[in-house]
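Peer 1: sequence first, predicted coordinates after that:
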Amino acid sequence: MDASKNDGGYEILELFGIKLKVKNPRIAEILTMDAKEVLTEDIRVLRKKLAELDRKESEVEKIPSISEIESYSDYQRAIDAIGKRLEFDVDLGNLWRSATGIIIIVKAIKDGLNFNQARKYVSELATQQSRISNENAGLFIVGDNISCDILKAAIRSQNLYHLMRVISYENFNQILRLKEAGYLNHKGVVTLMVPLDNIDVGELINVIKAAAAPAKLERYFAKSK
């Protein structure tokens, strides 16, 4: 396996000077098979692909913004639609199967929550993860940034940061846009969604955006809000 273990984690990729690590050795093995190729494409290529996607955007099914979603069932349907376009086998039980062999257990939370509720959600997800024999990762997809921060604090308080991650619906939608722009393949998407040891998913997306023509990308991603 190409991944090197240090500081309690396996380094799977260095992106724009940031070392990405996971603690699960099997996930590290899967993601290092060709991980260096999925997130290091020349930024100039990304710009061209974004321009191509702009031209084709009228042909692509629009994913609603969080402000356009009224009910939880609509929220879940929108998330499942994104999952399918990210090339996951989306299961009704919120188990998303990847061709890499990794299962993502997706928990959708639309409305705000407090810290005690967040701790309960975290404990329940950890229990579900322990019952699945396959290599898996937990992912909360949250409707607002405040709840996102509360869930991250709840995960850290229970020392479960190596098992699950949190991402806002907005940033999750942006992962789809990066993939459909041709910058991420499916394994690149999985790399963003598994429990990286030392970085928040949203922060990593911001690194990618900042490195690739900031002004153009900000206008481009603003379309998904």
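Peer 2: Yep, that arrived. Numbers count the residues shown, from 1 in each chain.

Peer 1: alpha carbons only for contacts and neighbour counts from here, please
Peer 2: Will do.

Peer 1: what residues of whatever helix or strand residue 146 lives in count as buried?
Peer 2: Here residue 146, judged by DSSP states H and E, is contained in helix 145-157. Residues of helix 145-157 classed as buried by neighbour count (16 or more other C-alpha atoms under 10 Å): 147, 148, 149, 150, 151, 152, 153, 154, 155.

Peer 1: any chance of those residues in TSV with pLDDT and distance to residue 9 as columns?
Peer 2: Listed next are those as TSV, based on pLDDT from 0 to 100; distance: C-alpha to C-alpha, whole Å:
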residue	pLDDT	distance to residue 9
147	92	27
148	90	24
149	91	23
150	93	24
151	93	22
152	91	19
153	92	20
154	94	21
155	93	18
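
Peer 1: now the strands for this protein?
Peer 2: Shown for the chain, the strands assigned by DSSP state E span residues 4-6, 9-15, 18-22, 89-90, 95-97, 103-109, 136-142, 164-168.

Peer 1: reformat these as TSV; add mean neighbour count, mean pLDDT and distance to residue 184.
Peer 2: Rendered in TSV, the data for the strands of the chain read as follows (neighbours: other C-alpha atoms under 10 Å; pLDDT from 0 to 100; distance: least, C-alpha to C-alpha, whole Å):
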stretch	mean neighbour count	mean pLDDT	distance to residue 184
strand 4-6	13	54	23
strand 9-15	21	68	13
strand 18-22	20	72	16
strand 89-90	18	92	18
strand 95-97	19	93	18
strand 103-109	22	95	18
strand 136-142	24	94	19
strand 164-168	25	91	17
